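# everything below, folded, please.
(2 chains)
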Amino acid sequence: MLRGDRLQPGRAARGSTPLAQRRTIPEDADQLLDAIRAGDSGALALLYDQAGVQAYGLAFRILRDAGAAEDAVQEAFLSLWRHASRLDASRGRLVSYLLTLVHHKAIDLARMRAGRAARDAGTDPADAGAVEEDFVSDVMAAADGEVIRRSLQRLPDEQRRPIELAYFEGLTCPEIAEAEGAPVGTIKSRLRLGLQKLRGDLERQGYP
Amino acid sequence: MNCETASELAAAYALGALEPAEARAFEEHVAECSRHDAEMSAHRRVIGGLAHSGEAVTPRAGLRNRILAAAEAERPTAAGRGEPIEFPVERARERRPRFSISWAVAAAFGVLALGLAVWNVTLLGDDEPAPDGPQQYAFSGAGGAGEVIRLPGSNIVVVELRDLQNLDADQDYQVWAIAGGEPQSLGLLRVQDGTAILAGEATGSIEAVAVTIEPAGGSPLPTSEPILTAPL
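Numbers count the residues shown, from 1 in each chain, chains lettered A, B, ... in the order given. Purely as a prediction, here's the structure:
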């Protein structure tokens, strides 16, 4: 089940009034997803108020361009809006799923802007019907961003950089190998070791 | 691909860093081999956490409205999610109710940062019992002409408009149902030769239907005064 995380009033874009303020605001994330499934744009507004700055922060980190980041966030919200009926709320938190969509959209945009081939359509969890496969666990997502950032920084550079190049730059192993000046096989090993160490570090802090 | 190789590639796959051919080979292996399920699940949990590792950054103010407008434009209608329903209105039995209306731009939605106007619709004298058939109401205003047809026993309306002017490329006509004093978007008009038909369903009893000119893609709430209104 979703964790029933109570939705907190978010930081709405300055100068706007959350539509949800004039409507019945869903009590928890289950209700929020139900309302989005029913086509209630006020619920979508509430999700934006709750997660918009986080979504934009992720997109901006990947794209480093305000307009492109906004496009990625918009595409992610609309993808969720269109495919909400296919989401299984028991698989994770709605915000985590939204961030997964933002990541996919932003990486695809980044690769396109860099003249690199877009990733397979199958990597879009909503568009490709792989919602359940890619639904993000709420376990690690429960760790706040600062905890994860610190854990990343504790990794050896040679392991942290390939992870960041893969996740935030959308590079493939051969592209990372070129950037790092290391064999492709070495990069694959560093990705594996890096993720294992990151997981271990988070587990030691109580995030199983 | 053997299990040892698959394990070596699992992290790169979970990060989306494998080349397509290698990713396919990995997928084929794990489809037949459940030994990697726990490993993949563990990688995905960590990678899911990476999505939360970014700093929160406030986007420009217009993004929220842009997203909501685009979502509203795809809003479900009586026929389900998707495009607005369009169907012939000729079958509707014409019947013009007796009413007099005074609507005015009563007040800005006040707290509404969009700085929008609200329509204060007062219905007078329309106390006839609801008929069995569709009810038809005329639009008034300088931006065109047309009718609203409300299907009996529902909040579904069909809007038929004519004599509409061509808009700039960055503008759209947007139709609103006013229910409980608040506008609800019924969708954007597709205008052909100055005419357009749109159907939609509102939540709550519809007091009036109005048409505004909005930025292309529509707005979550009206940003201009209506060019056409039809009190119901």
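# so the closest residue to chain A within chain B, which state does it fall into?
Per Cβ to the nearest Cβ, the residue of chain B with the smallest distance to chain A is B:Gly49, at 3.2 Å. The way it works is simple: take the backbone N, C-alpha and C, and place the C-beta from them, glycine included. In three-state terms, and counting by DSSP: H, G, I helix; E, B strand; the rest coil, B:Gly49 is helix.
# so it makes contact with A:Gln205?
No - between B:Gly49 and A:Gln205 there is no contact under Cβ atoms under 8 Å: 11.3 Å.
# quick one, which of these two is more surrounded?
A side-by-side neighbour count of B:Gly49 and A:Gln205, using other Cβ atoms under 10 Å in any protein chain shown, places B:Gly49 first with 27 against 12.
# tell me, how many residues neighbour A:Leu99?
For A:Leu99, the tally of surrounding residues (other Cβ under 10 Å) stands at 25.
# if I look at it, how far off is B:Leu50?
Computed as Cβ to Cβ, to the nearest Å, the A:Leu99 to B:Leu50 distance reads 9 Å.
# need the residues touching each of the two.
By the contact definition Cβ atoms under 8 Å, 6 or more residues apart in numbering or on different chains, A:Leu99 and B:Leu50 are jointly contacted by no residue.
# quick check: mean pLDDT of the strand or helix carrying A:Glu158?
Taking DSSP states H and E as the criterion, the element that holds A:Glu158 is helix A:157-169. Here helix A:157-169 scores 94 as its mean pLDDT.
# same check, this time on stretch B:181-190
Averaging pLDDT residue by residue across stretch B:181-190 gives 84.
# swap in stretch A:108-119?
Summarised as a single mean, pLDDT over stretch A:108-119 is 74.
# quick one: contacts for B:Val148?
Contacts for B:Val148 were tallied using Cβ under 8 Å, 6+ apart; they are B:136-137, B:139, B:157-160, B:209, B:230, B:232.
# packing partners for the helix or strand following the helix holding A:Glu158?
Toward the C-terminus, helix A:157-169 is succeeded by helix A:173-180 as the next helix or strand (DSSP H and E). Counting contacts by 3 or more Cβ pairs under 8 Å, 6 or more residues apart in numbering or on different chains; DSSP states H and E, helix A:173-180 is packed against helix A:157-169, helix A:184-204.
# can we see that at 6 Å?
Applying 3 or more Cβ pairs under 6 Å, 6 or more residues apart in numbering or on different chains; DSSP states H and E, one finds that helix A:173-180 contacts helix A:184-204.
# and the nearest residue to B:Asn166 once chain neighbours are set aside, how far is that from B:Val209?
Of all residues not flanking B:Asn166 in the chain, B:Val191 sits nearest, at 7.4 Å (Cβ to Cβ, 6 or more residues apart in numbering or on different chains). Distance of B:Val191 to B:Val209, given as Cβ to Cβ: 17 Å.
# neighbour count winner among these two?
Taking B:Val191 and B:Val209 together and counting by other Cβ under 10 Å, B:Val209 has the greater number of neighbours (30 against 17).
# the more buried one: which element?
Per DSSP H and E, B:Val209 falls inside strand B:206-215.
# buried ones in whichever helix or strand comes after that strand, by neighbour count?
Toward the C-terminal end, the helix or strand that comes next after strand B:206-215 (DSSP H and E) is strand B:228-231. For strand B:228-231, a neighbour-count test (16 or more other Cβ atoms under 10 Å in any protein chain shown) marks B:228-231 as buried.
# same deal with stretch B:173-186?
Within stretch B:173-186, the residues that qualify as buried by neighbour count (16+ other Cβ under 10 Å) are B:173-179, B:182-186.
# okay, those in JSON lines with secondary structure next?
Written out in JSON lines, the entries for the buried residues of stretch B:173-186 read as follows (three-state DSSP):
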{"residue": "B:Tyr173", "secondary structure": "strand"}
{"residue": "B:Gln174", "secondary structure": "strand"}
{"residue": "B:Val175", "secondary structure": "strand"}
{"residue": "B:Trp176", "secondary structure": "strand"}
{"residue": "B:Ala177", "secondary structure": "strand"}
{"residue": "B:Ile178", "secondary structure": "strand"}
{"residue": "B:Ala179", "secondary structure": "strand"}
{"residue": "B:Glu182", "secondary structure": "strand"}
{"residue": "B:Pro183", "secondary structure": "strand"}
{"residue": "B:Gln184", "secondary structure": "strand"}
{"residue": "B:Ser185", "secondary structure": "strand"}
{"residue": "B:Leu186", "secondary structure": "strand"}
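# hmm, which helix or strand of chain B has the shakiest average pLDDT?
Of all the helices and strands that make up chain B, strand B:100-108 has the lowest average by mean pLDDT, DSSP states H and E, namely a mean of 26.
# for chain A, that is, sorry about that
Evaluated with mean pLDDT, DSSP H and E, the helix-and-strand set of chain A has its lowest mean pLDDT in helix A:131-134, which scores a mean of 38.
# tell me which strands and helices the lengthiest helix in chain A is in contact with?
In chain A, ranked by residue count with DSSP state H as the criterion, the top helix is helix A:41-63. Under the contact criterion of 3+ Cβ pairs under 6 Å, 6+ apart, the helices and strands touching helix A:41-63 comprise helix A:29-37, helix A:66-83, helix A:94-113, helix B:62-73.
# mind giving me the domain ranges of chain A?
Following automatic domain parsing, one finds the domains of chain A at A:1-137, A:143-208.
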